[in-house]
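> Pasting the sequence and the predicted model now:
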Amino acid sequence: MDRFLKYLFISIYSIISIIIFQKVFETSGEVIDELFHIRQGLKYCQGNFSEWDSKITTFPGLYLLSSFIPTEYCETYTLRLIPLICSFINILLIYEIKSLILYDAEKENNHDVLLETMALATLPPMYFFSHVYYTDVPSITMILFMLLFSILKHHKLSAIFGAFSVIMRQTNVIWVAGTLGVHLIDKMMLKIYPKMKRETATFDNFLFALKSHLKHPKILLEFIVGSISEYFGYFVIIFSFMAFVFINGSIVVGDKTAHEASIHIPQLYYFSLFVLVFGCSLWLPQLFRLHKIFSSWKCLLGIFLLTLFMILTVKYNTLVHPYLLADNRHYTFYVWKRFYQRHALAKYAIIPVYIFGLSTIFTSMDGSIGFKIFFVLSTIATLCLQKLIEVRYFLIPFLLLKLNRKSVTKSLSLLELLVNILINQITFIIFFQVQVRWKDFNEVQRIIW
């Protein structure tokens with residue numbers, strides 16, 4: 001029955017998505033950055049690998065994937081089909097990963113997994129970019145493949161897809177490093193605590209295991225040699241990327257001026273808002289625990305200190321990328337203009353919401369101590385070195401947070417699915433009906449995430 005429902009959902013998802021895809025294609029020939037992506041993709045699928053648009057700042061993974069399209073079918077329509085097909089694949093990957101994480105077995109499971117899969121597959125920003133020729137959805141596909149084979153302990157295959165993910169988008173190297181880090185900590189913990197379950201280990205256990213390895217050179221050497229042998233593929237990716245950055249002088253290819261690395265701590269706060277908007281299944285249970293926070297003086301002291309830290313970082317580290325202020329084709333432009341810029345105190349007034357969002361993230365983290373440590377580190381590394389606020393940057397950490405959740409409630413997953421469907425409807429209505437005129441473009445522009 002579960003298998004039937006799974007493929008029924010995929011069929012319904014596919015039919016609706018193809019209808020929307022057709023409407024998007026008829027409405028807009030090029031959506032913002034597609035101006036560069038489509039032009040480059042057409043060159044690659046026509047066999048021209050020598051020309052490169054300097055405005056493109058990512059590796060050519062999407063265009064290499066496009067090169068498998070037969071030349072006679074090389075056109076915008078077929079290029080856009082690539083992310084859509086990847087979104088179909090992602091449904092199966094999410095289902096399998098969630099099944100393995102929840103039940104530690106590769107088998108069909110109950111409706112909990114299916115509802116969670118449906119909610120994740122319809123995540124509004126990710127779902128929207130399934131209909132245009134952007135790198136995001138194929139990049140997520142590669143990350144999901146890497147995660148799936150990592151869970152199954154097929155580390156060579158996992159590393160191969162990790163490499164593909166980096167070729168899709170450079171910052172994915174952080175998630176490759178995070179995957180390696182999780183396995184290294186789990187391996188180290190297993191050596192010291194062979195009978196302890198991964199999920200029950202604490203940070204103190206981790207520190208003790210780390211000290212034990214550092215104090216005993218023989219154990220440390222065995223650990224290093226064994227890790228290099230077992231996880232060789234991940235190490236190759238990481239060190240190869242480090243060599244690329246050293247030679248290139250930056251992680252960015254092409255136009256480096258548009259994506260300069262900057263320390264930007266408030267990106268974590270914006271991510272917490274993203275979690276609250278799209279993760280009602282995560283934050284609703286937290287509402288019933290708020291009384292515990294206010295009944296403990298330690299928690300109140302922690303909130304006070306965190307509030308002071310946020311006030312300082314919001315005041316001195318709020319960075320505004322020129323694109324955010326100039327490009328009225330993104331929702332972030334309107335959020336910033338109509339809320340953050342409306343009043344000088346607006347960016348401080350929302351700090352309590354940030355605190356609740358960050359609390360939701362930390363209390364929602366399940367899995368091993370290795371996952372918790374490297375999820376935090378990888379999320380910080382991914383977000384806090386970006387000056388531009390982009391909801392697309394939040395997709396992978398949000399997916400990983402949700403995928404690793406051990407507790408899944410049917411009613412909350414269903415609510416989240418319904419909310420996602422509603423937001424998707426509104427998003428596409430705005431896309432189809434609202435027109436934005438730019439002097440530099442003859443074609444009408446549209447509003448997207």
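Sure, I can see it. Residues are numbered from 1 along each chain as shown.

> isn't S359 right next to R289, touching?
No: between S359 and R289 there is no contact under C-beta atoms under 8 Å: 9.1 Å. C-beta here means a position set from N, CA and C on the backbone, and glycine is covered the same way.

> okay, the two: which has more neighbours?
Between S359 and R289, counted using other C-beta atoms under 10 Å, the more crowded position is S359 (20 against 10).

> Find the nearest non-adjacent residue to the more buried one, please.
Spatial nearest neighbour of S359, excluding adjacent residues (C-beta to C-beta, 6 or more residues apart in numbering): Q286 at 6.6 Å.

> which outside residues touch stretch 203-212?
The contact list for stretch 203-212, computed with C-beta atoms under 8 Å, 6 or more residues apart in numbering, reads I185, M188, M189, K191, I192, Y193, M196, I219, I369, G370, I373.

> Can I get the buried part of the residues you listed as one ChimeraX selection?
Selecting only the buried entries of those in ChimeraX, with 16 or more other C-beta atoms under 10 Å as the criterion:
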select :185,188,189,192,193,369,370,373
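
> now the contacts of stretch 203-212 as TSV including secondary structure, distance to R342 and pLDDT?
Shown next, in TSV, are the contacts of stretch 203-212 (DSSP: H, G, I helix; E, B strand; the rest coil; distance: C-beta to C-beta, whole Å; pLDDT from 0 to 100):
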residue	secondary structure	distance to R342	pLDDT
I185	helix	45	96
M188	helix	50	94
M189	helix	49	93
K191	helix	55	90
I192	helix	54	91
Y193	coil	53	91
M196	coil	52	86
I219	helix	58	90
I369	helix	42	94
G370	helix	43	94
I373	helix	38	96
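
> Tell me the one among the contacts of stretch 203-212 nearest to F36.
F36 lies nearest to I373 out of the contacts of stretch 203-212, by C-beta to C-beta, at 37.1 Å.

> hey, where'd the helices end up in the stretch 201-350 of the chain?
Along the stretch 201-350 of the chain, counting by DSSP state H, counting those that start in this stretch, helices occupy 203-215, 217-230, 232-248, 266-278, 280-287, 290-294, 297-317, 322-326, 331-335, 346-349.

> elements contacting the longest one?
It refers to helix 297-317. Other helices and strands packing on helix 297-317, by 3 or more C-beta pairs under 8 Å, 6 or more residues apart in numbering; DSSP states H and E, are helix 266-278, helix 290-294, helix 346-349, helix 351-364.

> Now the longest one - C-alpha only, CSV.
Read that as helix 351-364. In CSV, the C-alpha atoms belonging to helix 351-364 read as follows (Å, rounded to 0.1, in the frame of the first residue of the first chain):
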residue,chain,number,x,y,z
ILE,A,351,15.4,39.6,17.4
PRO,A,352,13.0,37.6,19.6
VAL,A,353,11.8,35.8,16.5
TYR,A,354,15.4,35.0,15.6
ILE,A,355,16.0,33.5,19.0
PHE,A,356,12.9,31.3,18.7
GLY,A,357,14.0,30.2,15.3
LEU,A,358,17.5,29.3,16.4
SER,A,359,16.1,27.5,19.4
THR,A,360,13.9,25.5,17.0
ILE,A,361,16.9,24.6,14.9
PHE,A,362,19.0,23.4,17.9
THR,A,363,16.2,21.4,19.5
SER,A,364,15.3,19.9,16.2
